[in-house]
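Novice: Generate coordinates for the sequence data below:
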Amino acid sequence: MSGEISVNNLNVSYADKEVIKNVSFSFQTGKLIGIIGPNGAGKSTMIKAALGLISKKSGTITFEGKSLEAVRKKIAYVPQRSNIDWDFPIIVQDTVLLGTYPKLGVFHRPAKKEKLWAKECLEKVGMADFAKRQIGELSGGQQQRVFLARALAQEAEYFFLDEPFVGIDVSSEKVIIDILKELKAAGKTIFVVHHDLGKVEAYFDDLILLNGELVGAGPVREVFCNEKIQQAYQTSHIQLTGLGVGV
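Specialist: Numbering: from 1, shown residues only. The predicted model follows:
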């Protein structure tokens, strides 16, 4: 259906163990959507399976009525920092330049136009002064900014970020969330795997609450409640009022 991103009947198994079971949801485009749940809930697995980065047992994802393959060049994926080889011999500006490759095609290399655009994306995340640094020399927050700049360089319509705020400084987190909100205001759709329950209401429009199976999906005000959170985290000790947020 036009105007929606839909995941239907997603199932993922590892060594005959179900990790994601019968997950289905739909969201309007132009939203900032959080994905939360306890450790081991399958949040990262769900994103990677939906995007075809790992194998799945069943399930489909559609983007405004189009298949994954039809829109793949319009998708930007930012993996967890722990999944990136920070010793790889590449400097910051070349990392961001990689974001321009999907639109160039196989036999074309970035020209002056692409290099200027990559520089502009670096400036947007406040990392232009680090353009010549090797990525492994950066702090966690700086690394995350660089990979967001690479995503911006893709000029994508759909963004998927896996735990972008883990292990980074407060100023980097503010830079990143401000840019994500700007992208949303420009009509982009952003999915973010997130762990800090205290910032859910401030950051997101909609929410996916997961623990192997879908516990809730919809507007934050409907999903982010004590009953659903306690069901997902399988504990009565989490009280949202204690986090300084509503119930």
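Novice: For the residue nearest in space to the middle of the chain, report the pLDDT, please.
Specialist: Taking Cα atoms, centre = their mean as the criterion, Leu161 is the residue nearest the geometric centre of the chain, at 1.7 Å. Note on Leu161: pLDDT of 96.
Novice: after the helix or strand of the chain with the lowest mean pLDDT comes which helix or strand?
Specialist: Within the chain, no helix or strand scores below helix 101-104, which has a mean of 73 by mean pLDDT, DSSP states H and E. The element immediately downstream of helix 101-104 (helix or strand, assigned by DSSP states H and E) is helix 112-124.
Novice: Which parts of this protein are helices?
Specialist: 43-50, 68-71, 92-97, 101-104, 112-124, 140-153, 170-185, 200-203, 220-223, 226-233 (DSSP state H).
Novice: what separates the closest residue to Lys73 other than its chain neighbours from Gly140, distance-wise?
Specialist: The shortest distance from Lys73 to any non-neighbouring residue, by Cβ to Cβ, 6 or more residues apart in numbering, is to Pro102 (4.5 Å). Yep, even glycine has a C-beta here, placed from its N, CA and C like the rest. Pro102 sits 26 Å away from Gly140, taking Cβ to Cβ, to the nearest Å as the criterion.
Novice: Same question for Trp86.
Specialist: Noted for Trp86: a distance of 10 Å to Gly140, by Cβ to Cβ.
Novice: ok, back up a step: in a markdown table: the helices of the chain, plus distance to Asn11 and mean neighbour count.
Specialist: As requested, the helices of the chain are arranged in a markdown table below (distance: least, Cβ to Cβ, whole Å; neighbours: other Cβ atoms under 10 Å):
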| stretch | distance to Asn11 | mean neighbour count |
| --- | --- | --- |
| helix 43-50 | 9 | 22 |
| helix 68-71 | 16 | 13 |
| helix 92-97 | 34 | 23 |
| helix 101-104 | 29 | 14 |
| helix 112-124 | 36 | 17 |
| helix 140-153 | 28 | 24 |
| helix 170-185 | 29 | 16 |
| helix 200-203 | 27 | 16 |
| helix 220-223 | 22 | 16 |
| helix 226-233 | 19 | 17 |
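Novice: Thought Val78 was touching Ala151, still the case?
Specialist: Yes - Ala151 is in contact with Val78 according to Cβ atoms under 8 Å; the separation is 5.5 Å.
Novice: between these two, what contacts are shared?
Specialist: Counting by Cβ atoms under 8 Å, 6 or more residues apart in numbering, the residues touching both Ala151 and Val78 are Phe159, Leu161.
Novice: So Phe191 is in contact with Phe159, correct?
Specialist: Yes - with contact defined as Cβ under 8 Å, Phe191 reaches Phe159; the gap is 7.0 Å.
Novice: Now list whatever residues contact both of the two.
Specialist: With Cβ under 8 Å, 6+ apart as the test, Phe191 and Phe159 reach no residue in common.
Novice: Bridged to Thr189, which residues?
Specialist: Tyr158 (DSSP bridges).
Novice: need the contact list for the residue nearest to the centre of the chain.
Specialist: Neighbouring residues of Leu161 by Cβ under 8 Å, 6+ apart: Tyr77, Val78, Leu148, Ala151, Leu180, Ile190, Phe191, Val192, Val193.
Novice: How about the fifth one: what's its closest non-neighbour residue?
Specialist: It stands for Leu180. Spatial nearest neighbour of Leu180, chain neighbours left out: Ile190 (5.3 Å); criterion: Cβ to Cβ, 6+ apart.
Novice: Neighbours of the one you found, how many?
Specialist: Look at Ile190: counted by other Cβ atoms under 10 Å, it has 23 neighbours.
Novice: My guess is it contacts Ile35. True?
Specialist: No - using Cβ under 8 Å as the test, Ile190 is too far from Ile35 to be in contact (10.8 Å).
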